[in-house]
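Colleague: Starting from these lines, generate the structure:
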Amino acid sequence: MNTPYRFIAGAVCPQCRAEDRIVANDFSVKCVVCDFEEFREDQKAPASESMPKTLAQPIRFLKPSKNEEG
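Modeller: Okay, here's the model as predicted:
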């Protein structure tokens, strides 16, 4: 399955220094001017490893006492 390319705004080609001529998809980054191409390595960590290991705790809202109301 072919993944469509997206232009990367403000990106500069490392080979020909052309600006706004870089396209990327899930597998590679290319320059449409000089045919520079760089393949991406899969560096994404699984979601379970990238999430912090903290336990969520519910919060409780306290009503102010009558003495504290201004």
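Colleague: Every contact and neighbour count from this point should use C-alpha atoms.
Modeller: Fine.
Colleague: Quick one: find the helix or strand in this structure with the lowest mean pLDDT.
Modeller: The helix or strand of the chain with the poorest confidence is helix 47-50; it has a mean of 53 (mean pLDDT, DSSP states H and E).
Colleague: Ser28: neighbour count?
Modeller: Using other C-alpha atoms under 10 Å, Ser28 has 13 neighbouring residues.
Colleague: Quick check: it touching Arg6?
Modeller: No: if you go by C-alpha atoms under 8 Å, Ser28 and Arg6 don't touch, sitting 10.8 Å apart.
Colleague: And the strands in the protein?
Modeller: With DSSP state E as the criterion, the chain has strands at 6-7, 22-24, 28-31, 37-39.
Colleague: So which of those strands is the most surrounded?
Modeller: Of all these, strand 22-24 carries the top mean neighbour count, a mean of 21, counting by mean count of other C-alpha atoms under 10 Å.
Colleague: What are the contacting residues of that one?
Modeller: If you take C-alpha atoms under 8 Å, 6 or more residues apart in numbering as the criterion, strand 22-24 is touched by 5-9, 11-13, 29-32.
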